[in-house]
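J.: Compute the structure for the input listed below.
(one chain, ligands or ions: 3)
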Amino acid sequence: MCAYFPEVTKIQYEGPDSKNPLAFRHYNPDEVVEGKKMRDHFRFAVAYWHTMRGTGADPFGPGCAVRPWEGPVDDVENAKRRVKVAFEFMEKLGVGYYCFHDRDVAPEGATLTESNKNLDAVAKVLKEEQQRTGIKLLWGTANLFSNRRYMHGAATSPNADAFAFAAAQVKKALEVTKELGGEGYTFWGGREGYQNLWNTDMKREMDHLGRFMHLALDYKKKIGFTGQFYFEPKPKEPTKHQYDFDVANCINFLRAYGLGDQIKMNIETNHATLAGHTVHHEIEYAASQGYLGSIDANSGDLLLGWDTDQFPTDVYMTTSIMYALLKWGGFTTGGLNFDAKVRRESFEPVDLFHAHISGMDAFAHGLKIAAAIRADGTLGKFVKDRYSSWDSGVGSEIESGKATFESLETYMLDKGDATPNTSGRQEMIEHLINRFV
Ligand code: XLS
Ligand code: NI
Ligand code: NI
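T.: Ligands and ions are numbered 1, 2, ... in the order given. This next block holds a predicted model:
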């Protein structure tokens, strides 16, 4: 193995008392929790755009990251070398999946033909490295937001040529994702939204987005790509209103445009909070509607109002995610993709390890806590009892569709009133959860 990270060896599980920062205290890939190995609960993925392409740039200055493997020009040779770095990193970390945008892995050329050629050349190395290591592609996607041509959006641009270019780009990205055995493909809106309603034909833009996704589904079928399609909600940034606002909004969009059962949600923590939700809410909503797909794991900062994409280290939050995942049966095609970046001040290559280790461990810790809460059973029983009026009598008549407005009126005339019968016990429940955290 070549060594772009010479100071790091394979990260090991050392147990909760370890003081070694380059070790897992909780993530023990083969440990079984609720009948499933940890690695299969999480299906951790590295996000190529942040981990391999992030420089730490912000609106106030360029990136400070030191990446000794980066050459002076962003050409195909450089991109190929970067693939080797990425796979050494993932191997040492012990992550089984990665995700990428077309333009993260290979440089955009002067023409579409050249860009496609570049992508093919790098995809060849990605495939070799996948075969060498057994690391797989969780999902691919296309960058439809960085290039100037997409300044007004891609599928929702007022310029039909931008739509056409985006279609060509997604066509190619689907082919490459299929070639690499990708288990999914993600649509995140990029600049699909508006900055100003006065100059926007919202109805037409949304119709175009619906059309775009139908075309993608048609092509998916045509080439026999069997990966799962995901739609990733985000309420704002870069536009002030993104059409894929939140899970509820996305599900409505998919159903309204006849895409309902073919696309699932890729839920991102920081996007949930930007929408005024918790990630727990977004998972519950998606899963309850049959749309739980994958998760972009990161976290925001309470005091900063944008998509800071920090690594998730809050165990209370990871516990809520893992509790919801256990409740809904976990991932099928999806996984936990660290759509997260190291801070500008964390400029050394080793910080990439610290960041992922802290995220993976926070999730493993959260999983153990969530499983303990479930094993204890007090919370589950409380919720079950809280709804017990629906298990028999008038409740079960309503749920089974037997009750009518007339029968319910008769019932209530006879009974007299609906008396609240149980306390919500929020404070007791929060205190109970702290017993495990
Ligand atoms: C940006 C999104 C993006 C998607 C993939 O905020 O999270 O990274 O996950 O295009
Ligand atoms: Ni994301
Ligand atoms: Ni994001």
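J.: My guess is residue 27 contacts residue 362. True?
T.: No - taking contacts as C-beta atoms under 8 Å, residue 27 lies outside contact range of residue 362: 9.2 Å. For every residue, glycine as well, the C-beta is placed using N, CA and C.
J.: And for the residue in the stretch 151-300 of the chain that ligand 1 sits nearest to, the neighbour number?
T.: Proximity of the stretch 151-300 of the chain to ligand 1 (C-beta to the nearest ligand atom) peaks at residue 188, 3.6 Å away. Using other C-beta atoms under 10 Å, residue 188 has 23 other residues around it.
J.: Which residues does it form beta bridges with?
T.: Applying DSSP bridges to residue 188 yields these beta-bridge partners: residue 232.
J.: contacting residues for it?
T.: The contact partners of residue 188, taken as C-beta atoms under 8 Å, 6 or more residues apart in numbering, are 141, 232, 234, 244, 266.
J.: most surrounded residue in the residues you listed?
T.: In these, the most neighbours by other C-beta under 10 Å go to residue 266, 31 neighbours.
J.: next one: phi and psi at it?
T.: Here is the backbone geometry of residue 266 (degrees, to the nearest 10): phi -110, psi 110.
J.: looking at it, it is touching residue 336, isn't it?
T.: No - judged on C-beta under 8 Å, residue 266 makes no contact with residue 336 at a distance of 11.0 Å.
J.: which residues do these two both contact?
T.: 294-295.
J.: Ligand 2 contacts on this protein?
T.: By C-beta under 5 Å from the ion, the part of the chain that sits against ligand 2 consists of 268, 296, 339.
J.: Excluding sequence neighbours, find me the nearest residue to residue 312.
T.: Of all residues not flanking residue 312 in the chain, residue 299 sits nearest, at 4.5 Å (C-beta to C-beta, 6 or more residues apart in numbering).
J.: Enumerate every residue touching the residue positioned nearest the centre of the chain.
T.: Centrality entry for the chain: nearest residue to the mean C-alpha point is residue 296, 2.2 Å, by C-alpha atoms, centre = their mean. Contacts for residue 296 (C-beta under 8 Å, 6+ apart) come out as 47, 232, 266-269, 271, 337, 339.
J.: was I right about residue 236 contacting residue 274?
T.: Yes - with contacts counted by C-beta under 8 Å, residue 236 reaches residue 274, the gap being 6.1 Å.
J.: the more surrounded of the two?
T.: residue 274 (21 against 16).
J.: Tell me, how many residues neighbour residue 41?
T.: Counted with other C-beta under 10 Å, residue 41 comes out at 25.
J.: heads up, I number from 5, so please use that
T.: Okay, using 5 as the starting number, the last item reads as residue 45.
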